[in-house]
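Engineer: need a structure here:
(chains A and B)
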Amino acid sequence: MPININGYNLSNESGLRLGASSTTIVGTYGILEPTLPGMAGSATAGGAYKVYPFPVNDVNLNTGSPWNLSTYRFTCPVAGIYYISYSGIVGDGDGSVGKAAYYAIIVNGGNWYFSYRDTLAIWELHHIEMQLKLSAGDWISWAMNTAPGPASATSGGAYQSNHNTCTIWLVG
Amino acid sequence: MGFDIAGVATLTSPGTTLSVDGASNWMQVSANGVLTRPQAPYMRGQLVGKGAPYNSGTGPLMVSADVNVGGCWNDASGYWTAPVQGFYMATLGALAGSAAGSGYFSIRKNGGDLNLNHWNHAGGWHYVTLSTIVYCEANDYFCWVLQSVSPPTNGFFGDGGHGMYSIALMA
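Structural biologist: Below is the predicted model:
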């Protein structure tokens, strides 16, 4: 018999199942949460190194579809703490050094946190990551050396033809 | 009406979502099963007003919190104190420089180093990252530190922006 909490059932279906969802507390393994909001993907289509939003067009994971493949934004379905990571090669691809550039995490169209890299060689790897506590409906994107993030005068930015990995997921 | 669990917690629901202890909302499960922990200890911040480059010597990096849920981060000491036993994810992103040189940076828990990282740059400012899971008992404490920076005038950019720091209880 389920436990009915004002219409919300806690039931035993190969574990303690929470309501009508597929989230289940199971022995040994803890909580299984198949609907955990998250995305992982890459920008693969090529284009300018200085770019906003960073166009992650190829996703291998997009649980609940928080990542929009037209606007290149992640919209938070619930309030919580989200882990955000971009890694990829940067510069401008011409092999020269000194392509100083800024790489920013954008929330609701505003610059929240940014990094900086002054390249010494072609195809250097850059990585930024952060945990942000956000509200439902807030949205996240990346700006690569252009507004609404900081922008330098150089042509530096982020390579868009693969060689990058982007992920956002709910962690708390 | 809530469902009382031996006086420790109360499960409540409007019918589609589930909350553990509705008043403080320790945990919530949405209608489609997404679980969140609104009271999870958490901080995010950056180095502000410390100069550039900033070198904290043998002491903690004095990160200024922009958000500090639960008050676990202490701006004055540069330490995170774990309020409960658990696994804490800590991320660091910093701009190291400003001249050619090298240095170590790490998480230091209860006075001992964890996850030592190193940079060695030929020149200019270069961005470095460190992310890890730190297991803590309640009241364990940890911080971010720089060590053996060469030349000693090098360090992290400490005048706002150009870096990002966060800690959150994972489980």
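
Engineer: would you map out the domains in the chain?
Structural biologist: With no chain named, the answer covers chain A. The record's domain parsing of chain A by automatic domain parsing lists A:1-35, A:36-170.

Engineer: right idea, wrong chain: chain B
Structural biologist: When chain B is parsed with automatic domain parsing, its domains come out as B:2-36, B:42-169.

Engineer: out of those domains, which is the most enclosed?
Structural biologist: By mean neighbour count, with neighbours taken as mean count of other CB atoms under 10 Å in any protein chain shown, domain B:42-169 ranks first of those at a mean of 18. Bear in mind the C-beta positions are built from the backbone N, C-alpha and C, glycine included.

Engineer: what's the helix or strand for residue 133?
Structural biologist: You didn't say which chain, so I picked chain A. Assigned by DSSP states H and E, A:K133 falls within strand A:124-134.

Engineer: ah, no, chain B please
Structural biologist: Per DSSP H and E: strand B:126-136 holds B:I133.

Engineer: picking up where we left off before, okay, the angle between the helix or strand just after the strand holding A:K133 and strand A:124-134?
Structural biologist: Using DSSP H and E, the next helix or strand after strand A:124-134 towards the C-terminus is strand A:139-144. Counting by axes from the mean of the first three to the mean of the last three CA atoms, to 10 degrees, strand A:139-144 lies at 160 degrees to strand A:124-134.

Engineer: about what we covered before: can you say which of the domains of chain B is nearest to A:I3?
Structural biologist: Nearest to A:I3 among those is domain B:2-36 (6.5 Å), distances taken as CB to CB.

Engineer: okay, how far is it across the closest one, tip to tip?
Structural biologist: Its first and final residues considered, domain B:2-36 spans 19 Å by CA to CA, to the nearest Å.

Engineer: could you report the neighbour count for the residue of chain A found nearest chain B?
Structural biologist: Closest to chain B within chain A is A:S21: 2.7 Å, counting by CB to the nearest CB. When neighbours are defined as other CB atoms under 10 Å in any protein chain shown, A:S21 has 20 of them.

Engineer: one more: the one 10 residues further on?
Structural biologist: Other residues near A:I31 number 17, with proximity taken as other CB under 10 Å.

Engineer: tell me which element it falls in.
Structural biologist: Using DSSP H and E, A:I31 falls in strand A:30-32.

Engineer: which secondary structure elements does that strand sit against?
Structural biologist: Packing contacts for strand A:30-32, counted by 3 or more CB pairs under 8 Å, 6 or more residues apart in numbering or on different chains; DSSP states H and E, involve strand A:24-26.

Engineer: the worst-scoring helix or strand of chain B on mean pLDDT and chain A in contact?
Structural biologist: Between all helices and strands in chain B, the lowest mean by mean pLDDT, DSSP states H and E belongs to strand B:3-5, at a mean of 87. Yes: for strand B:3-5 and chain A, the contact criterion (CB under 8 Å from any CB of the partner chain) is met by B:F3.
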